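Asker: just a sequence and a predicted model for now, questions to come.
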Amino acid sequence: MEKETYPEKSLTGGDGFTTKKLARRSFLQYTGAGVAVATLVMAGCDKDSNTIMDDEGVDLGSGDIGILNYAYALEQLEAAFYLQIVATPYSGISDAEKAYFLDVSRHEVAHREFFKTALAGAAIPALEVDFSSINFTSRDSVLATAKAFEDLGVSAYNGAGALLESADYLLLAGKIVSVEARHASYIRDLIQCGTFANMEVVDANGLDAARTPAEVLAIAGTYIKTKINASNLPTT
């Protein structure tokens with residue numbers, strides 16, 4: 001499958017939120033994480049400033065920089081998916097669903113561009129995705145994939161939180177995962193009302209699922225053609 005590109009101008013056709021790159025200042029205002037980003041940029045200049053790509057794939061890096069590149073990779077995947085839905089809505093999509101997917105595509109693009117801008121020279125390159133297994137003309141196929149992506153994203157941030165050393169980055173991750181959980185809840189209820197927090201994702205202690213980066217990337221790898229090397233990520 002050829003590399004897919006998803007121009008933001010497909011969203012509105014104008015000069016709105018996603019028709020061009022958001023300025024760095026806008027991302028800071030959007031997330032309320034100015035201090036965290038300033039710290040991250042300085043850290044990116046000090047270490048892991050050059051992404052390594054060899055036979056082992058794109059190296060996410062180590063420490064907090066590696067975890068943030070890991071999050072950036074997932075946000076790239078989600079942004080590409082939702083931009084494709086907006087560009088080619090499935091058959092029978094309602095106006096309410098169109099509005100929802102437009103909003104979510106904007107959220108995911110904002111997350112993606114936030115990490116890209118903040119990581120600066122330490123950021124991994126744009127990843128090549130493969131959505132050939134998804135039928136974008138089918139509501140069932142799109143919603144099932146959206147459910148899988150959102151549940152995976154929530155579990156990924158939950159699992160990555162314990163690996164972060166910086167309290168600022170942990171706060172940022174908490175702000176993003178709460179948005180991902182809102183997405184997951186809505187998608188689940190679109191599929192079957194009342195399943196927004198069932199036992200598939202919430203355990204007996206009332207806690208959301210958490211997955212390690214290795215577990216998450218094994219699942220996400222179905223849709224990412226670019227080889228990713230996560231061997232240098234922290235595990236504890």
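Answerer: Received the coordinates, thanks. Numbers count the residues shown, from 1 in each chain.
Asker: please enumerate the helices of the chain.
Answerer: In the chain, the segments counted as helices under DSSP state H are 9-12, 24-31, 34-46, 63-87, 95-119, 139-161, 167-191, 213-220.
Asker: what's the closest of those helices to L207?
Answerer: Comparison of the helices of the chain against L207 by Cβ to Cβ identifies helix 139-161 as nearest, at 8.4 Å. Where C-beta positions appear, they are placed from N, C-alpha and C, glycine not excepted.
Asker: quick one: mean pLDDT over that closest one.
Answerer: Averaged across helix 139-161, pLDDT comes to 97.
Asker: for that helix, buried residues please.
Answerer: Buried residues in helix 139-161, counted by 16 or more other Cβ atoms under 10 Å: 139, 142-143, 145-160.
Asker: weakest of the helices of the chain by average pLDDT?
Answerer: When these are compared on average pLDDT, helix 9-12 comes out lowest at a mean of 32.
Asker: most centrally placed residue in the chain?
Answerer: E75 (2.0 Å; Cα atoms, centre = their mean).
Asker: and it, what does it touch?
Answerer: Counting by Cβ atoms under 8 Å, 6 or more residues apart in numbering, E75 makes contact with 108, 111-112, 115.
Asker: could you dump those into CSV with distance to A126 added?
Answerer: Conversion of those to CSV gives the following (distance: Cβ to Cβ, whole Å):
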residue, distance to A126
E108, 14
H111, 15
R112, 10
F115, 12
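Asker: now, which of those residues sits nearest G63?
Answerer: Within the contacts of E75, the smallest distance to G63 is 15.3 Å, found for F115 (Cβ to Cβ).
Asker: wait, the closest one touches A71, no?
Answerer: Yes - in this structure F115 lies within contact range of A71 using Cβ atoms under 8 Å: 6.1 Å.
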